[in-house]
Each structure stands twice: as structure tokens, then as C-alpha cells.
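> Would you be able to build a 3D model of this:
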Amino acid sequence: LSVAAYPRPDSKMRTTSNAEMCGGNAANVAAALALLSAPTFTYARHAESTEPAAALRVVLLTKVGDDAAAVHLKADLESKGVDCSSRLFVMQPHSTTSITTVIASESEHTRTCLHSPGSCGELTVEEVEEVLSSSEDGDELFRNVVFFHSDTRHTSAAVTLAKEARRRG
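Modelled structure (predicted):
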């Protein structure tokens, strides 16, 4: 939500604009990597080559609710080329997805974020270990991995995944 200036307490005001978009640190990085690695934007490593290189596989691991926000997020990510098919892209039944409302002040050139964590929870170490214990799922998860990015939302699960990534080289 954009506003001319932050409202005073107990006041009402209109926004100057509003937009709804998918995001979050890991989702933003995944979407950017998928878009930048699409064959349209990448070329073979040799400067003289005009042949598109193969797109990278970008996989997002997270936990969301089973609400409209999660369905929209997943569709948006997949439209950008992000793979949301892993067993660690969890749509938690009967729960809501985290939402952040950002209020941007045009006069102060600042923003305030109001975060609603949702009821979906975080990926757990147990969920990660269950996937890793299946050699087929674990091997698929780490197939051709060249980069591992994590934000701080699923810290314990991310540490477990990072250790496994390191173990697999």
C-alpha cells in the first residue's frame, strides 16, 4: 500500500496505489534465478555462441497454508519456472499462509512491514529427514545442485539441508 504520508493515530486515509504480489526472501531469489536461467536469457559459456544454454532447475522448499494465497503463490512461482513439486514444498492442510502488508510512505521514502505469520508453521527437521531418508527423494532433491540459498524462516530445516548439501559436495 502506498500512502502520501503515514497516517496519524486514529485517522482514516486513502492509499495512492496498491498492489498484491508474491514474495518473501527465498521465493524472490527462486523466482529471480528461474527467470534469469531461462533459455531465453542464458547462452552457452562461450561468448561467440548464440545457442541457448539449458535452464537451471530452481526448486523452492517451504511451508504454506492451503488457502488462496498459497495457490496464488505456487501458480506465480511455477509461471516463472520455479519447481514447487518437491515433497518439501508443503501445503499444510487447514492452515493459512504467511502474509506481509507493506505500507510505503511517499513523503518519508520509507516503508513499514506488518507481518501476519499464518498458521502453516515452518518446515521441520523431521519433515526434511523423512525426505532425505528416502534415497530416491533425497537423490532427486539434490540432483545437479550447484547453489543452495536459505532465508531465516525455516532455520532448523535449512541447517539440516545445508549439512546434507555439504555432505553431497
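> give the contact list for Gly24.
Counting by C-beta atoms under 8 Å, 6 or more residues apart in numbering, Gly24 makes contact with 62, 98, 100, 151, 153. Where you see a C-beta, it was placed from the backbone N, CA and C, and this is true even at glycine.
> residue nearest the centroid of this protein?
Ala27 (1.6 Å; C-alpha atoms, centre = their mean).
> from memory that residue sits against Val59, does it?
No. Here Ala27 lies out of contact with Val59, judged by C-beta atoms under 8 Å, at a distance of 12.0 Å.
> now the helices for this structure?
Along the chain, counting by DSSP state H, helices occupy 25-37, 68-79, 125-133, 135-141, 155-167.
> closest to Gly118 out of those helices?
helix 68-79 (8.1 Å; C-beta to C-beta).
> Between helix 25-37 and the closest one, find me the angle.
Per axes from the mean of the first three to the mean of the last three C-alpha atoms, to 10 degrees, the angle that helix 68-79 makes with helix 25-37 is 20 degrees.
> Can you point out the buried residues in helix 68-79?
69-70, 73-74, 77 (16 or more other C-beta atoms under 10 Å).
> same thing with stretch 141-148?
Those buried within stretch 141-148 under the rule 16+ other C-beta under 10 Å are 141-142.
> Any chance you could list what contacts it?
In contact with stretch 141-148 (C-beta under 8 Å, 6+ apart) are residues 33, 56-57, 59, 86, 88, 131-132, 161-162, 164-165, 168.
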